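Asks: With the sequence up front, the predicted model follows.
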Amino acid sequence: MNATAETKSDYRVSLNYFAIPLGLSGLGGAWTAAGAALNAPEWVNDALFALSGVCWLAFGVLYIGERVRRTGAFRADREHPTDGAMAAFIPVVGILLLTHFERYVSLDSARAVCWVLVFALAVVAGQLFAHWLTGQTSFPQLHPGYFLPLVAGPFVASIGLAVVGAQTAARAALGCGLFFWVIIGGVVTARLITAGPLPTPAIPALSVLLAPPATGGIATFAAYPGPIGTLQTSFLGIFVTMLMVQVFLLSRYRKLAFGLEFWTFTFPLAASANYTIRWCQSTRFSGWEALAWSALGVATAVILAIAVATVRTLAKR
């Protein structure tokens, strides 16, 4: 593992690159929700999912091609104490892309692809959790990014399974995410409170605290269609609380120098907009359309700004 870690800087594509297609597909999902609730133009979500798919495929080819030549490279990435959780990005993005492109294939084909991607996510999550259980990660190395493979991952899997009509499996995946949210959430929160501040590059991971209630909330709408129940309302309460936490973290985020890690902000923000739009559509309170458009506008503007800054940074290099 050490030898592979020493050559990691030779790679052109690392796991954190997959935060780019993850954020783009998340924003595509928000625009899809806006299309149903607000009659937003469909070409926007088509373009976002297409761009996400191109990035996902390009990064996937480069990532696999660079590591297949080196023994133990995949394992070293997965067992990295801070970046290892990002291995789940690859199947998660695939599931999100499926929720959009399933309309262009038969239901049986979409269902088969979904099960393959969910199985891949389960393998990655199982390997990660088994590695963590063996004590290979120290307490100070923990960060909210650990929510992604074992909490947000199952919630996204639940959404994908519901889209292809596997309702029972979708509810099972939702329960899996809830279980690990309790397990991982308690440990990570304890680390954040007691083990000192996160390293500067890891501070954007604090935005991931929004991902579980947002993705879980969307999953409850998909897995339990119909009147709003206790589970949906509970997710809303947690989401609002985590959103308030993010408001008070803005002063810390503004002090950060721009880097690739800013893409960590994009998926939680996009999922939050998606969830907000779905709640607005379900309740239709006075002014709900304004709030829904505002949530979508903020998410789109921030992610577009990050994309533009990324292009400028690459151009300077």
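Replies: Received the coordinates, thanks. Numbers count the residues shown, from 1 in each chain.
Asks: tell me which element the residue positioned nearest the centre of the chain falls in.
Replies: Central residue of the chain (CA atoms, centre = their mean): Phe267, 5.0 Å from the mean position. Using DSSP states H and E, Phe267 sits in helix 266-283.
Asks: helices or strands up against that helix?
Replies: Applying 3 or more CB pairs under 8 Å, 6 or more residues apart in numbering; DSSP states H and E, one finds that helix 266-283 contacts helix 19-38, helix 211-223, helix 230-253, helix 288-316. (Glycine included, C-beta is placed from N, CA and C.)
Asks: So which of those helices is nearest Arg12?
Replies: helix 288-316 (12.0 Å; CB to CB).
Asks: Flag every buried residue along the closest one.
Replies: Residues of helix 288-316 classed as buried by neighbour count (16 or more other CB atoms under 10 Å): 288, 292-293, 295-296, 299-300, 302-303, 306-307, 310.
Asks: Also stretch 228-243?
Replies: 231-232, 235-236, 238-239, 242-243.
Asks: try stretch 100-107
Replies: For stretch 100-107, by 16+ other CB under 10 Å, it's 100, 102.
Asks: pLDDT wise, what is Arg317 at?
Replies: Arg317 is assigned a predicted lDDT (pLDDT) of 68.
Asks: Can you verify my assumption that Ala173 contacts Val151?
Replies: No. Checked against CB atoms under 8 Å, the pair Ala173 and Val151 is beyond contact range at 11.3 Å.
Asks: what about those two, which has more around it?
Replies: Between Ala173 and Val151, counting by other CB atoms under 10 Å, Val151 is the more crowded of the two (29 against 26).
Asks: give the contact list for Leu256.
Replies: The contact partners of Leu256, by CB atoms under 8 Å, 6 or more residues apart in numbering, come to 200, 203-204, 262.
Asks: for it, phi and psi?
Replies: Leu256 adopts backbone torsions of phi -80, psi 140, taken as degrees, to the nearest 10.
Asks: Over to Ser106?
Replies: Main-chain torsions, Ser106, degrees, to the nearest 10: phi -70, psi 160.
Asks: Any idea how many residues pack against Gly287?
Replies: 9.
Asks: Could you tell me how far it is located from Arg278?
Replies: For Gly287, the distance to Arg278 equals 16 Å [CB to CB, to the nearest Å].
Asks: Check Tyr224 too.
Replies: Taking CB to CB, one finds Tyr224 at 13 Å from Arg278.
Asks: Look at the two and report which has more neighbours.
Replies: Neighbour count, other CB under 10 Å: between Tyr224 and Arg278, Arg278 has more, with 23 against 17.
Asks: mind listing what Leu243 touches?
Replies: Counting by CB under 8 Å, 6+ apart, Leu243 touches 210, 272.
Asks: Offset the numbering so it begins at 247, please.
Replies: From this message on, residue numbering opens at 247, which makes the last subject Leu489.
Asks: can you pull the pLDDT of it?
Replies: Leu489 is given a pLDDT of 95.
Asks: Buried residues in the helix holding Phe513, which are they?
Replies: 512-527.
Asks: can you check stretch 380-398 too?
Replies: Buried, per 16+ other CB under 10 Å, within stretch 380-398: 383, 387-398.
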